[in-house]
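S.K.: Sharing a model that was predicted from the sequence below.
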Amino acid sequence: MAKGQFQNCIFILIGLFFSAVIKWLLPQLTHGNITGGFTGMLCGLAASFWFTNIAWLTFKTPIRQSDLDSVLEKYHYQQTEQGYYELQIAKYRRFKSQRIYISNDGNDITLEGPYNTLKRIINHLNK
């Protein structure tokens, strides 16, 4: 099972678990608030999924590393000593799923990182 599929399964299982808790357990304790709790849970899971969903992007067309570096700098990413790119924000606000890893096998460049950032990189490079 691919890394993304595993993450999707975890999100679905967490959603089902919290749905069961909100649907059957909370009414016993609070006598209501099911709709608000369910809405809050779905919004929280959606935001978590959006910010932590990991994607892979492969460029088959020739692209210069300097162009890629300038786009990453535009989005406040900087290369670390370990070779990956990390956001330049306060350390307590960083998490591993924000990192971007670049691998170059000669013909193709592959990026691994957050889906929403890779989507912006594609849009910027296709202009």
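M.R.: Okay, I see it.

S.K.: List the buried residues in stretch 50-69.
M.R.: 52-54, 57, 59, 68 (16 or more other C-beta atoms under 10 Å). In this view, the C-beta of every residue, glycine as well, is placed from N, C-alpha and C.

S.K.: Check whether Glu112 really touches Gln98, as I assumed.
M.R.: No: when contacts are counted by C-beta atoms under 8 Å, Glu112 is not listed as touching Gln98 (11.8 Å).

S.K.: Show me where this structure has its strands.
M.R.: 54-59, 77-79, 85-87, 101-104, 109-114 (DSSP state E).

S.K.: domain parsing for the chain?
M.R.: With domains defined by automatic domain parsing, the chain comprises 3-50, 54-125.

S.K.: May I see the ones you listed organised as JSON lines, with mean pLDDT added?
M.R.: Formatted as JSON lines, these follow (pLDDT from 0 to 100):
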{"stretch": "domain 3-50", "mean pLDDT": "78"}
{"stretch": "domain 54-125", "mean pLDDT": "80"}
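
S.K.: Check the separation of the first and last residues in stretch 59-70.
M.R.: 16 Å (C-alpha to C-alpha, to the nearest Å).

S.K.: same check, this time on stretch 84-100
M.R.: End-to-end for stretch 84-100, by C-alpha to C-alpha: 6 Å.

S.K.: still on that earlier bit, ok, so of the buried residues of stretch 50-69, who is nearest Leu87?
M.R.: Thr52 (13.5 Å; C-beta to C-beta).

S.K.: so how many other residues sit close to Phe6?
M.R.: Phe6: 10 surrounding residues under other C-beta atoms under 10 Å.

S.K.: whoops, I mixed them up, Gly106
M.R.: 5.

S.K.: Could you report the distance from it to Ile100?
M.R.: From Gly106 across to Ile100, the span is 20 Å (C-beta to C-beta, to the nearest Å).
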